[in-house]
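Asks: Sequence and computational prediction follow.
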Amino acid sequence: MVVRQDEVFMQEFQKCLVFALEEFGKKTVGRWQEQISRIMHRLKMMPESYPFVPELQKWRKYRGAIIMKNFKIIYFIMKRKISSGWWISGICAKILVS
């Protein structure tokens, strides 16, 4: 399983890290980084383990992972057929501030 983050996700995540550093210090930034690495590892191993986001089910099967109790990473699973019988799955992540 391949987990891909788009540019918008990375920019928003960097903003969250900068804010956490300015307001709360290095220890909080370390917790952010630790939690995002845990989430990414879990997504690689079990991409369907996080629950669906009910507010967004009208458009696509979005799922959400909670980070730092107040933020949610919204993602969806893409499956593409490459060649005869082989499928590639990827996860695209977006960040949503709750």
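Replies: The structure has been received and is ready for your questions.
Asks: Using CSV, write out the CA atom coordinates for the top helix by length along the chain.
Replies: The residue-count maximum for a helix in the chain (DSSP state H) belongs to helix 26-45. C-alpha atoms of helix 26-45 as CSV (Å, rounded to 0.1, in the frame of the first residue of the first chain):
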residue,chain,number,x,y,z
LYS,A,26,9.2,21.5,20.8
LYS,A,27,7.6,18.7,22.8
THR,A,28,4.3,19.3,21.2
VAL,A,29,5.8,19.4,17.7
GLY,A,30,7.4,16.0,18.6
ARG,A,31,4.0,14.6,19.5
TRP,A,32,2.5,15.9,16.2
GLN,A,33,5.3,14.2,14.3
GLU,A,34,5.0,11.0,16.3
GLN,A,35,1.2,10.8,15.8
ILE,A,36,1.4,11.5,12.1
SER,A,37,4.0,8.7,11.6
ARG,A,38,1.7,6.3,13.6
ILE,A,39,-1.2,7.2,11.4
MET,A,40,0.7,6.8,8.2
HIS,A,41,2.1,3.5,9.4
ARG,A,42,-1.4,2.3,10.2
LEU,A,43,-2.7,3.5,6.9
LYS,A,44,0.0,1.5,5.1
MET,A,45,-0.9,-1.7,7.0
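Asks: quick one: buried residues of the next helix or strand after it?
Replies: Using DSSP states H and E, the helix or strand that follows helix 26-45 in sequence is strand 63-67. Neighbour-count burial for strand 63-67 flags Arg63, Gly64, Ala65, Ile67 (criterion: 16 or more other CB atoms under 10 Å). To be clear about C-beta, it is placed using only N, CA and C from the backbone, and glycine gets the same treatment.
Asks: before we move on, what about stretch 39-51?
Replies: Buried residues in stretch 39-51 (16+ other CB under 10 Å): Ile39, Met40, Leu43, Pro47, Tyr50.
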